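1. model this:
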Amino acid sequence: MPARASIRIAVGRERVVREVRAAAPLMTALRAPATARGPWLTAVLNEGAARRPRARPVAVVVEPHGRGRPDGVAFLTLRRRGLTTTVAMLGDGIAPAPAGLPPSRLLARDEATAVRLATGVLDLLQSLRGPWSLELAGLPLGDPTLRALAAQLPTALLANSRSYRLVDDLDGVGTVVRSRDPEVLERWLPALLDREPDRRARGFLRSAVRLHAAIGQVEVAVVADGGVLRAALLTLLDGDARLPWWGTSDAGGLRTELGAPLVRLTVPARGWPPLPVSGRRSAAR
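-> Sure, this is the predicted structure:
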């Protein structure tokens, strides 16, 4: 990474949308999952704009001077809870989402960028007024930025968990019609949404499905009897990968199994003024 790479912080939906677009080549180079790419993050930002109370989106960017494209980005949110600001991954807590794989990424082109990206996250934390907590969840094992953060935050806690993924066995319960055609999806979408009890989840599902259908990245699978829905599954398409996303069934054909491990870094809220992070200045150089 060039020595003159700089760190900057973009706050607010419009600025973060621009950073999401600028990071597209980096997401591709790092093979970021669909849930850490532009279309999904755009759907998350749209959902966040409609929520009350709103969380402020933030992008911490590591960018070589004169190149205009980032080498590292962390897409985060700031949510005020009383006197405390909670910093989390953009998209954390948004449902429904495909399960089974780590959904989030701290995007860093190499180890040196990961260290500088961790420094940028520390800069963000130091800029906050009042106490803060850090909750970075849904990340893969061995994430280098997470490792660099944990080394500099004395109260950081790292925890592993196993995810569960949805498995598509619909072919065993009846004739399945599968399609990527947005018109087919629109035909069945109202019936699918009627099966989702959570109002916020329905809203996100509607907008995210339509956005991904428009670019050919979602498949709907339907088992119906005389036009009556018996089972359905939405699958997010990520290159050759198929990520079962959301399903409903009165006839079986959908099950869960263990997925990949996930990593969470947590720094509990503490008093004000904050304690200095260890090695803060050495990491910045």
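
2. Name the residues that touch stretch 114-126?
-> Applying Cβ atoms under 8 Å, 6 or more residues apart in numbering, the contact partners of stretch 114-126 are 1, 5, 7-9, 58, 60-62, 72-74, 76, 87, 106-108, 132, 134, 143-145, 147-149, 152-153, 274, 277, 280, 283-284. No exception for glycine: its C-beta is placed from N, CA and C like everyone else's.

3. where do the helices sit along the stretch 101-250 of the chain?
-> Assigned by DSSP state H, counting those that start in this stretch, the stretch 101-250 of the chain shows helices spanning 111-127, 144-152, 182-194, 199-214.

4. Strands of the protein, residue ranges please.
-> 6-11, 56-63, 72-81, 84-89, 107-108, 132-139, 157-168, 177-179, 218-225, 228-238, 241-249, 254-267 (DSSP state E).

5. In a markdown table, list the ones you listed along with distance to Arg21 and mean pLDDT.
-> A markdown table is the format used below for the strands of the chain (distance: least, Cβ to Cβ, whole Å; pLDDT from 0 to 100):
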| stretch | distance to Arg21 | mean pLDDT |
| --- | --- | --- |
| strand 6-11 | 12 | 94 |
| strand 56-63 | 11 | 96 |
| strand 72-81 | 11 | 95 |
| strand 84-89 | 19 | 95 |
| strand 107-108 | 14 | 98 |
| strand 132-139 | 22 | 96 |
| strand 157-168 | 29 | 94 |
| strand 177-179 | 29 | 95 |
| strand 218-225 | 21 | 95 |
| strand 228-238 | 19 | 94 |
| strand 241-249 | 23 | 94 |
| strand 254-267 | 27 | 95 |
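
6. mind putting the ones you listed in TSV, distance to Trp40 included?
-> Converted to TSV, the strands of the chain look like this (distance: least, Cβ to Cβ, whole Å):
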stretch	distance to Trp40
strand 6-11	19
strand 56-63	14
strand 72-81	11
strand 84-89	12
strand 107-108	14
strand 132-139	12
strand 157-168	17
strand 177-179	21
strand 218-225	11
strand 228-238	8
strand 241-249	11
strand 254-267	17
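
7. out of these, nearest to Leu185?
-> strand 218-225 (4.7 Å; Cβ to Cβ).

8. In terms of secondary structure, what does that closest one contact?
-> In terms of contacts (3 or more Cβ pairs under 8 Å, 6 or more residues apart in numbering; DSSP states H and E), strand 218-225 is packed against strand 177-179, helix 182-194, strand 228-238, strand 241-249.

9. Show me what the longest one is packed against.
-> Translated: helix 182-194. Using 3+ Cβ pairs under 8 Å, 6+ apart: helix 182-194 touches helix 199-214, strand 218-225, strand 228-238.
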